[in-house]
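J.: Predicted coordinates and the sequence they were generated for:
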Amino acid sequence: MVGVCIMVISIVKTMAPGLTNYLIDKGLAIDSLLFMISALLSFSSIRVEQSTERLERWAEMIFLLGLVSMTLITVIFSFEIV
């Protein structure tokens, strides 16, 4: 998912500068951080020997937040809403 964010950011960087491209660029950068945090929490929940329900729950919530935000950014980018 981080790779998808990076790919779209590189596509947006080649386009003419503007508010929409700026918002998409920054939104996807934050989105890639969300996916990275989710992956680290998920990895930590696998490696820790104690109860990891909290880590798993946070990883799921952050991953879903990343998916929802990526979907919204995609809709904005595709339909040029902003």
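T.: Arrived safely, thanks for sending. The model shown is predicted, which means the values in this text are computed figures rather than measured ones. Residues are numbered from 1 along each chain as shown.

J.: Identify, by residue count, the longest helix of the chain.
T.: For the chain, the longest helix by residue count, based on DSSP state H, is helix 19-47.

J.: And that helix, what does it pack against?
T.: helix 2-13, helix 53-79 (3 or more C-beta pairs under 8 Å, 6 or more residues apart in numbering; DSSP states H and E). Yep, even glycine has a C-beta here, placed from its N, CA and C like the rest.

J.: Just put these in CSV and tack on distance to residue 25, mean pLDDT and mean neighbour count.
T.: As requested, these are arranged in CSV below (distance: least, C-beta to C-beta, whole Å; pLDDT from 0 to 100; neighbours: other C-beta atoms under 10 Å):
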stretch, distance to residue 25, mean pLDDT, mean neighbour count
helix 2-13, 5, 70, 15
helix 53-79, 10, 89, 15
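
J.: how far away is residue 33 from residue 62?
T.: Per C-beta to C-beta, to the nearest Å, residue 33 is found 10 Å from residue 62.

J.: who's in contact with the closest residue to residue 37 other than its chain neighbours?
T.: With C-beta to C-beta, 6 or more residues apart in numbering as the criterion, residue 37 has its nearest non-adjacent residue at 5.5 Å, and that residue is residue 62. Each residue near residue 62 by C-beta atoms under 8 Å, 6 or more residues apart in numbering is listed here: 34, 37, 38, 41.
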